[in-house]
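*Asks:* test case, fold it:
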Amino acid sequence: MSRMVRITIGLAAFCFASAALAQTATLGDSAKSLLGSWEFSNADRDKVCTATFKADPTSVGFKVEFDGNCGNLFPIVLRVAGWKFPDNDNLFLLDSDGRALVEFSEVETGMYEAPTPGVGVLFLQAAAAGPPPKPPEQVAGTWAIMRGGKTICTLALASTVLRDGFALTAQAGCDAEFARLNVTQWRLDRGELLLVPARGNPWRFEEADGGNWRRVPEGAIETLLVRK
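*Replies:* Residues are numbered from 1 along each chain as shown. Prediction:
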């Protein structure tokens, strides 16, 4: 048998063995807890899509599918060819060569984060996690934004539906910093209230005691939304 024939047969055997391993790959108990749909987002959560982890083997791990807009929001997912989650280890999104593109570590039950060079901090959160959504009608009304006990703007949150949320009107007399944002919409997002500017990142508030909302992350001076 010639050397070239032996090499060809060896390569064929290797490819066959690799395919067989992919077909017989199994999920550990920890990995099984990830099966299903997860929210995939950036730290500001102004970019959100869905990742669905499956048990179907691939050449580098197991199949993961992203919704149709995910590649537009996060181009890195277009290179993802599979996922793996070794027991007692982190969650990896892998390229077609098996290299880790993104490495998630669990920061709390049902939530993973991944500081990713060139992308920023990415998050995975169980799609069913978070408090039940609050009806917008319960939040609509007149609110004051208060910083350090001083009113910096008064807002009317309406239940009128717009493209990305609900209508908002700022009354005259807002301080210059907030007025420059040109906030015209608000929405509720996984238990948080967002004031959405024409450009830039939204102001995010979490529900606090007494029916108020506290801006997050907190600055040196507490900022609250207080119902009028």
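*Asks:* in which helix or strand would I find the most centrally placed residue in the chain?
*Replies:* Among the residues of the chain, the one closest to the centroid is residue 41, at 1.9 Å (C-alpha atoms, centre = their mean). For residue 41, the host element (DSSP states H and E) is strand 36-42.
*Asks:* quick check: buried residues in stretch 41-54?
*Replies:* 41-42, 45, 47-51, 53-54 (16 or more other C-beta atoms under 10 Å). For every residue, glycine as well, the C-beta is placed using N, CA and C.
*Asks:* among those, which one sits closest to residue 186?
*Replies:* For the buried residues of stretch 41-54, the residue nearest residue 186 by C-beta to C-beta is residue 45; the value is 14.7 Å.
*Asks:* is it true that residue 27 touches residue 55?
*Replies:* Yes: using C-beta atoms under 8 Å as the test, residue 27 is close enough to residue 55 to be in contact (5.7 Å).
*Asks:* find residues that contact each of these two.
*Replies:* Shared contacts of residue 27 and residue 55 (C-beta atoms under 8 Å, 6 or more residues apart in numbering): 35, 62.
*Asks:* ok, so of the buried residues of stretch 41-54, who is nearest residue 149?
*Replies:* Nearest to residue 149, judged by C-beta to C-beta, of the buried residues of stretch 41-54 is residue 45 at 28.7 Å.
*Asks:* now do the closest one against residue 125, distance only.
*Replies:* In this view, residue 45 and residue 125 are 9 Å apart by C-beta to C-beta, to the nearest Å.
*Asks:* which residues are common contacts for the two?
*Replies:* Residues touching both residue 45 and residue 125 (C-beta under 8 Å, 6+ apart): residue 190.
*Asks:* correct me if wrong, but residue 178 is in a strand.
*Replies:* No: assessed with DSSP: H, G, I helix; E, B strand; the rest coil, residue 178 is helix; it does not lie in a strand.
*Asks:* the closest residue to it other than its chain neighbours: neighbour count?
*Replies:* Leaving out its chain neighbours, the residue that sits closest to residue 178 by C-beta to C-beta, 6 or more residues apart in numbering is residue 153, at 4.8 Å. When neighbours are defined as other C-beta atoms under 10 Å, residue 153 has 21 of them.
*Asks:* offset the numbering so it begins at 42, please.
*Replies:* New numbering, starting at 42: the last item is residue 194.
*Asks:* distance of residue 194 from residue 184?
*Replies:* 9 Å.
*Asks:* again, but for residue 157
*Replies:* Separation of residue 157 from residue 184 (C-beta to C-beta) stands at 36 Å.
*Asks:* have a look at those two and say which one is more surrounded.
*Replies:* Set residue 157 next to residue 184 and count neighbours by other C-beta under 10 Å: residue 184 wins out with 24 against 17.
*Asks:* so that one sits against residue 265, correct?
*Replies:* No: in this structure residue 184 lies outside contact range of residue 265 using C-beta under 8 Å: 9.4 Å.
*Asks:* next up, the contacts around residue 264.
*Replies:* With C-beta under 8 Å, 6+ apart, residue 264 has these contacts: 186-188, 255-256.
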